[in-house]
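Q: just a sequence and a predicted model for now, questions to come.
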Amino acid sequence: MLALERRNIILERLNDEGKIIVAPLAKEFNVTEETIRRDIEKLENEGLATKTYGGAVSTSQKNKDLPYTIRKQSNVNLKVKIAQKVAEMINDGDQIMLDASSTSLCVAKQIKNLNNITLITNSVEILLELADKTGWTILSTGGSLREGAYSLSGSSAEKMIRDHHVDLAVCSAKGIDMGMGISESNEKDAEMKKAIFNAANKRIIAIDSTKFSKISFIKVCDVKDVNVVVTDKDPGDAWKTYFKNNGVELEVYGEIDENSSN
């Protein structure tokens, strides 16, 4: 494992749990404790962690995002798996919206083989990824570039979304919880995701398994407000029962559709 990938995992752990301890991390990654201390020191120099005796605590709050360049490289394999599952739901000629998450960027990459797609996004990276794509209609929401991110937001971006209607929308989120619902780390992202979902016939939340039973700063919507939850592994019986009771379809990467013919 590369040092950057290891630090990204440590940072994700800090963000989720609030603290880390050196010794178990060294054992988990099969490196020396000194290596983990150097990782922590680098994170501290970037203002993302504070060293403590035997470990570190997070300096992030629930309403503070990790830098996009770090989020983009976190849980990459999980995001690709989720994107592959989402791509199965998109067909030639569809009109879609993708939010500015790194998961949606993976979705955009997975559907580049499709034809005659109309795509609306507030993601600068998705616009760049598809800049040379022919035969598609690609629309930017416009709006203000959010500091520290490759996303567009604000009243003009929300208005552009409200003026359109699409077949399906794909968003990710920082957390999904039975009580709180789907949540984000900041108000601007939450408002954009609300607008995107409100503009779609089919609403897909693409969220990796590490985000289940997690609550972030601001609510986007109730779980029952989305049609499909796509994730990378089985979330367990309690979640499956919860989705069924709320009329939400669950799609898990690698699982065979029980309704499909053999």
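A: Everything's here; your move.

Q: pLDDT weak spots in the stretch 101-250 of the chain?
A: Scanning the stretch 101-250 of the chain for pLDDT under 70 picks out the ranges 148.

Q: could you redo the last one with a cut-off of 80?
A: Scanning the stretch 101-250 of the chain for pLDDT under 80 picks out 147-149.

Q: which residues in it form helices?
A: Listed in chain order, the helices of the stretch 101-250 of the chain (DSSP state H, counting those that start in this stretch) span 102-110, 124-129, 155-162, 187-198, 237-245.

Q: can you redo these as JSON lines with distance to Ile215?
A: Quick note: C-beta positions are derived from backbone N, CA and C, even for glycine. Formatted as JSON lines, these follow (distance: least, CB to CB, whole Å):
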{"stretch": "helix 102-110", "distance to Ile215": "19"}
{"stretch": "helix 124-129", "distance to Ile215": "27"}
{"stretch": "helix 155-162", "distance to Ile215": "24"}
{"stretch": "helix 187-198", "distance to Ile215": "13"}
{"stretch": "helix 237-245", "distance to Ile215": "15"}
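
Q: could I get the contacting residues of Ala26?
A: Thr32, Glu33, Thr35, Ile36 (CB atoms under 8 Å, 6 or more residues apart in numbering).

Q: tell me how far the nearest residue to the second one once chain neighbours are set aside lies from Leu98.
A: Of all residues beyond its chain neighbours, the one nearest Glu33 is Ala26 (4.5 Å), with distances taken as CB to CB, 6 or more residues apart in numbering. As judged by CB to CB, to the nearest Å, Ala26 and Leu98 stand 39 Å apart.

Q: adding pLDDT, secondary structure and distance to Asn227 as columns, could you present the contacts of Ala26 in JSON lines?
A: Below are these laid out as JSON lines (pLDDT from 0 to 100; DSSP: H, G, I helix; E, B strand; the rest coil; distance: CB to CB, whole Å):
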{"residue": "Thr32", "pLDDT": "94", "secondary structure": "coil", "distance to Asn227": "48"}
{"residue": "Glu33", "pLDDT": "92", "secondary structure": "helix", "distance to Asn227": "47"}
{"residue": "Thr35", "pLDDT": "94", "secondary structure": "helix", "distance to Asn227": "45"}
{"residue": "Ile36", "pLDDT": "93", "secondary structure": "helix", "distance to Asn227": "42"}
